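S.K.: generate coordinates for the sequence data below:
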Amino acid sequence: MNIKLVLKLVGRILILESAAMVVPMAVALLYRESPLPFIYAILIMAACGFGLSVLPAKQQFFTREGFVAVGLIWIFTGLAGALPFIFSGWFATPIDAIFESCSGFTTTGSTILTNIEALPKGILFWRAFTHWMGGMGVLVLATAIVPKLGIRSHYLTQAETPGPVFSKLVPKQSQTSKILYTMYFALTALEVVCLKLAGMPLYDALIHSFSTAGTGGFSNRNASVGAYGSVSIDIIITVFMLLFSVNFAIYFLLLTKKWREALQSDELRFFLGVVFGATAIITLSNLRVYSSIWESLRYTVFQVASIISTTGFGTADFVLWPQFSQLIIILLMFCGASAGSTGGGMKCSRVLLLLRSIRREIHRITHPRSVEVVKLDGKLVSESTLHSLLVFVGAYVTTVFVAALIISLDGESFAVSFSAALTCVSNVGPGLEVIGPSGSFAAFSGLSKAVMSLCMIIGRLEILPILVLFCPSTWRRT
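M.R.: Residues are numbered from 1 along each chain as shown. The predicted structure follows:
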C-alpha cells in the first residue's frame, strides 16, 4: 500500500475544498454576515492540505490505492466540510455538524436542523453547495479542474462512479470529467434561470438548483419546496430531478447525435416505467387523502420524482399517506436513480439485471438444457458482473439491517430505525414517522448520527471503497 501517495492525494483534495469555501464566504460578505467561520476553516484545511500534498511518494498507484484513496477522501471531505458549521455556532455538537456535512457531500439531504430559516445565508449556501460538489463526485471534479494529478485517475473514478459497469465517454479520463461537468453546469444554470422566471428569488433559485443537481434535497426553507405553494416551481423542480436521475452518458449520446442508441437504453426505459407506474398507483391510492385526482397527481408526481431520484425535497408529507403508498415509497428508496447519474439507491440498472437474472434462473429450472444469457442494451452481461451484482446487493441489504440494528438502540420504532438506515445508505434524505419530510434527525444519539454519517458515505461510494478500509490485508505491504 502506497499510503504516502494516498495521503498526498487527500491533501490536494483538501486544498480544492478550501478553495471552494471562498464562494460561500463571498455570499456571507454579500449579506453582511461574519466570514470568520469560513476563514478559520479555509486556513485549517489549506494548512493540512499543503502539509499532506508535499509528502515525498513513489508514483505507484493501482486499484487498491484507488479504493483506499476514494474512501479516505470522502471521509476527510465530510469532516473538513463540517468546520464552517462548527465555527458558526449554530450546531449543538461537532457530530451534528459532521452529520450535516456528510449529508451534504453524499447528497443525502437528511438534516438535524429544526429551524433552517434561522441560519445565516452563507452557511445555508455552503450547505447546498456541498450537494453540488458531491453530486457528480469530488474526484470527478478534481480530475476535471486538475487533470494532471500524477496518477492513473481512472482508478479513482472507477471507485467513485456509481453503477455496475464503469465506462468512460472518451478515452482520456480528464476529458470525460470535463464533459460531465460541462453538462452538469449547463443543466444547473438552466434550472436557475427557470426557477428565477417562475418567481423564485435568485438566492433561493441557486440553493434549490444546487440541491436538485446533486439530487440532495437541502432547502433554505423549513417547509422545503412546499413553502412556495407554486405549481410552476413544483413542475420545474420535478422535471430537473428526473433529468439529473438519468445516466449522463445518455446526454452525451444525444449531443453526439446517436439518438437511436440513447433512446434504446434498457435502463432509461425501466427508469421511466417505474416513475410512471409508481405515480399512477400512488395517485389512485392517495385519492382518500386529496380532494381531486389532479391534486393527488400534483403531489404524488413530485414526491415520486423526489424519492426515486433520491433528492428528498418535499411538497407534501408522505408520512400522512396510506400505508400502501408509503410502502411504494420505501421500494423507490431501494431502487434509486440510474447508474452514471447524480442519484443514489441501488440503481435501476442493478435492479433490472437482478430481475433478469431471476428470470434466467426460473427458465433454467423449467428448461434445464437451454442456454440463456443476461443482456443489457443488447450486450451480453458477463458472469463476473452478475456475481459482483449479487455481492453488492447482499452487502447493501446487510449494511441497512446492521445500521438499523444499531440505530434501534435509541428506542425508536422499527419504521424509524429501518427507514433511517435505508434513507442514509440510499442517500435519499427523509424517512418515515418522525424523520419524514417535515421532521429531522436531531433527536438521535451521537452514536446513531455517527453510524448514519458513515452509512451516507458507504451508500454514496457503493459500499466497497469503505469496506476495503476495514480489511486488514489492505494495509499490508506487497
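S.K.: how many other residues sit next to Val27?
M.R.: Here the number of neighbours of Val27 (other Cβ atoms under 10 Å) works out to 22. (Glycine included, C-beta is placed from N, CA and C.)
S.K.: and the pLDDT at the residue nearest to the spatial centre of the chain?
M.R.: Most central in the chain under Cα atoms, centre = their mean is Thr107, positioned 3.8 Å from the mean C-alpha point. If you check Thr107, the pLDDT there is 94.
S.K.: ok, now how distant is it from Gly344?
M.R.: Going from Thr107 to Gly344 by Cβ to Cβ, to the nearest Å gives 7 Å.
S.K.: name the residues contacting each of those two.
M.R.: Jointly contacting Thr107 and Gly344 under the rule Cβ atoms under 8 Å, 6 or more residues apart in numbering are Thr215, Thr310, Asn427, Arg460.
S.K.: so what's the first one up against?
M.R.: With contacts defined as Cβ under 8 Å, 6+ apart, the neighbours of Thr215 are 107, 131, 135, 241, 244-245, 309-311, 337, 341-344, 427.
S.K.: of the shared contacts of Thr107 and Gly344, which belong to helices?
M.R.: Counting by DSSP state H, the part of those found in helices is Arg460.
S.K.: which among the shared contacts of Thr107 and Gly344 end up buried?
M.R.: A residue is treated as buried here by neighbour count (16 or more other Cβ atoms under 10 Å); on that basis the buried members of these are Thr215, Thr310, Asn427, Arg460.
S.K.: would you map the strands across the stretch 251-400 of the chain?
M.R.: Counting by DSSP state E, counting those that start in this stretch, the segments of the stretch 251-400 of the chain that form strands are 375-376, 379-380.
S.K.: and the first one, what does it pack against?
M.R.: Judged by 3 or more Cβ pairs under 8 Å, 6 or more residues apart in numbering; DSSP states H and E, strand 375-376 is in contact with helix 348-366.
S.K.: chain center to the helix it packs on, what's the gap?
M.R.: What separates the centre of helix 348-366 from the centre of its chain is 27 Å, taken as Cα atoms, centre = their mean, to the nearest Å.
S.K.: can you check stretch 125-140 too?
M.R.: A distance of 9 Å separates the C-alpha centroid of stretch 125-140 from that of its chain, computed with Cα atoms, centre = their mean.
S.K.: need the outlier residue of the protein, farthest from its centre.
M.R.: In terms of distance from the mean C-alpha position of the chain, Arg369 ranks first, at 43.3 Å (Cα atoms, centre = their mean).
S.K.: for that residue, give me the backbone phi and psi.
M.R.: Backbone torsions of Arg369, given as degrees, to the nearest 10, read phi -90, psi -10.
S.K.: same question, the one 4 residues further on
M.R.: According to degrees, to the nearest 10, the main-chain angles of Val373 amount to phi -110, psi 160.
S.K.: what comes up buried for stretch 184-198?
M.R.: Within stretch 184-198, the residues that qualify as buried by neighbour count (16+ other Cβ under 10 Å) are Tyr184, Leu187, Thr188, Glu191, Val192, Cys194, Leu195, Ala198.
S.K.: give the contact list for the first one.
M.R.: Residues in contact with Tyr184, defined by Cβ under 8 Å, 6+ apart, are Gly135, Met136, Ala213, Phe248, Thr342.
S.K.: out of the helices and strands in the protein, which is least certain?
M.R.: Ranking every helix and strand in the chain by mean pLDDT, DSSP states H and E puts helix 154-160 at the bottom, with a mean of 54.
S.K.: next helix or strand past it?
M.R.: Using DSSP states H and E, the helix or strand that follows helix 154-160 in sequence is helix 173-197.
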